[in-house]
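J.: I'd like to go over a predicted model; first the sequence, then the structure.
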Amino acid sequence: MSDNVPLTLPAAAAQALCRELPRAPDFAAALQTIERVRQDLLGDGLLTVNHVRWPAPPADAPEAIDLQRIWSSRPAEYPVAGRKRKGLTPWTRQLLLCGEIFIGEGQPALQQVFDDSPLILSLGLRSVMNVPLLRAGACFATFNVLGTRPQWTALEKQQIELLAALALPWVAGHGAA
């Protein structure tokens, strides 16, 4: 992101990411560490990770793209293995086809983009940052953070990007990404 704010982390978050994360025995433990740091940095919210299921090579600009949830911090509301089919929208083009971060802030932004916005809003969530996880320049998964504040600070955006980057190798090695 272009925000010119120094990236900072509390010592406990840096320690967890530098010492605990590399020692995580598996995908679930790694994502649990990342989620714990996310909570410490950003407070209440939701973290999900979705694999992108391309019906054809991305260059073919498919009419619909399937997403399958492979991790969730709130499995009661957003269960692992949940699936979504997304048509071509500005959101899918930006995030999935172009591999660019999507930031939605405030209730109207969430309602415009997400079919499940009533559930999102009922959980007190008011903002989202979807980070594409890229392999060879193509989006193979998304790292999705939702928060209770209606707007992210520049520092929070950088912290979310860092967490996504640290999750990337774990997600790439999980299942049929």
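T.: In hand now; what should we look at? Residues are numbered from 1 along each chain as shown.

J.: Please read off the pLDDT at the residue nearest to residue 16 when sequence neighbours are not counted from the model.
T.: Of all residues not flanking residue 16 in the chain, residue 37 sits nearest, at 5.3 Å (Cβ to Cβ, 6 or more residues apart in numbering). C-beta coordinates here come from the backbone N, C-alpha and C atoms, glycine included. Looking at residue 37, its pLDDT is 98.

J.: same question, residue 92
T.: 93.

J.: Apart from its neighbours in sequence, what residue is nearest it?
T.: Residue 92's closest residue in space is residue 86 (Cβ to Cβ, 6+ apart), at 5.0 Å.

J.: How about residues contacting the lengthiest helix in the chain?
T.: In the chain, with assignment by DSSP state H, the single longest helix is helix 154-172. Helix 154-172 is contacted from outside by 1, 3, 5, 7-9, 17, 21, 24, 27, 30-31, 34, 37-38, 41-42, 49, 51, 70, 101, 103, 129, 131, 133, 135, 140-141, 143, 145, 147, 152, 177, using Cβ atoms under 8 Å, 6 or more residues apart in numbering.

J.: Neighbours of residue 38, how many?
T.: The tally of other residues near residue 38 (other Cβ atoms under 10 Å) stands at 22.

J.: That one belongs to a helix, doesn't it?
T.: Yes. Applying DSSP: H, G, I helix; E, B strand; the rest coil, one finds residue 38 inside a helix.

J.: List the buried residues of the helix or strand bottoming out on mean pLDDT in the chain.
T.: When each helix and strand of the chain is scored by mean pLDDT, DSSP states H and E, strand 83-87 comes last, with a mean of 88. Using 16 or more other Cβ atoms under 10 Å as the test for burial, strand 83-87 gives residue 86.

J.: and that strand, what does it pack onto?
T.: strand 64-72 (3 or more Cβ pairs under 8 Å, 6 or more residues apart in numbering; DSSP states H and E).

J.: Could you give the separation of the strand it packs on from the chain centroid?
T.: 11 Å (Cα atoms, centre = their mean, to the nearest Å).

J.: circling back to that earlier point, list the beta-bridge partners for the residue nearest to residue 92.
T.: Judged by DSSP bridges, the bridge partners of residue 86 are residue 65.

J.: For it, give me its contacts.
T.: Under the contact definition (Cβ under 8 Å, 6+ apart), the residues listed for residue 86 are 64-67, 92, 96.

J.: By neighbour count, which of those residues wins?
T.: So for these (other Cβ under 10 Å), the most neighbours sit at residue 96, 26 neighbours.
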